[in-house]
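# quick one: sequence and predicted model below, then my questions.
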Amino acid sequence: MKRIYSIIVTLFALAAAQAQTTTVSEDTLLGEWSLRKIAQAGNVADLKTGEVTVSDAFAAQKGQSKEALAAQFKTKMGSMQGTLIFLPGKKMKFQLAAAPQSEGTYVITRDKEKQYLTDEYSGSKMEVYFNEGLLYWDVLSNSGIVTMAWEKLADK
């Protein structure tokens, strides 16, 4: 019985540690992040590896092969770089491609099981979460939900 109790306590401790590491907070965000992946409507571009996946539905909609669309997208990947910097005091700097850098503050909120980050300069409310060491956020654009995955850069 004592062994079963030990196993249960260990499992709860592991579950608590897992939940703690996946919670988005000011502390877990601090530092510099680089845009790693962009996904929309089943299409995924990994900016680090150069790998592009095009969905069947998108290829059919465009009337082109998945390979041709992936090749087109790969030519644009160099201009899709992004930087995200979280600073103490819930301050952030954000830049995509050649657009001017945005600076401001942010707020993290929770609604049931989901967490959201809202920034002051755009007013965008994005679902944020960690998955496999990357910070993901889902933002609503004119053409649907765009998911961006950010990779934390090593501390300098």
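Perfect, thanks for sending it.

# next structured bit after the worst-scoring helix or strand of the chain on mean pLDDT?
One helix or strand of the chain scores below all others by mean pLDDT, DSSP states H and E: helix 2-22, with a mean of 40. Later in the chain than helix 2-22, the nearest helix or strand by DSSP states H and E is helix 26-29.

# which of the residues in that following helix are buried?
28-29 (16 or more other C-beta atoms under 10 Å). C-beta here means a position set from N, CA and C on the backbone, and glycine is covered the same way.

# ok, then the element right after it?
Downstream of helix 26-29, the next assigned helix or strand under DSSP H and E is strand 31-40.

# tell me which other helices or strands that next one touches.
strand 43-46, strand 82-87, strand 134-141, strand 144-152 (3 or more C-beta pairs under 8 Å, 6 or more residues apart in numbering; DSSP states H and E).

# mean pLDDT and mean neighbour count added to the ones you listed, as JSON lines?
Formatted as JSON lines, the helices and strands packed on strand 31-40 follow (pLDDT from 0 to 100; neighbours: other C-beta atoms under 10 Å):
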{"stretch": "strand 43-46", "mean pLDDT": "94", "mean neighbour count": "18"}
{"stretch": "strand 82-87", "mean pLDDT": "92", "mean neighbour count": "18"}
{"stretch": "strand 134-141", "mean pLDDT": "90", "mean neighbour count": "16"}
{"stretch": "strand 144-152", "mean pLDDT": "93", "mean neighbour count": "17"}
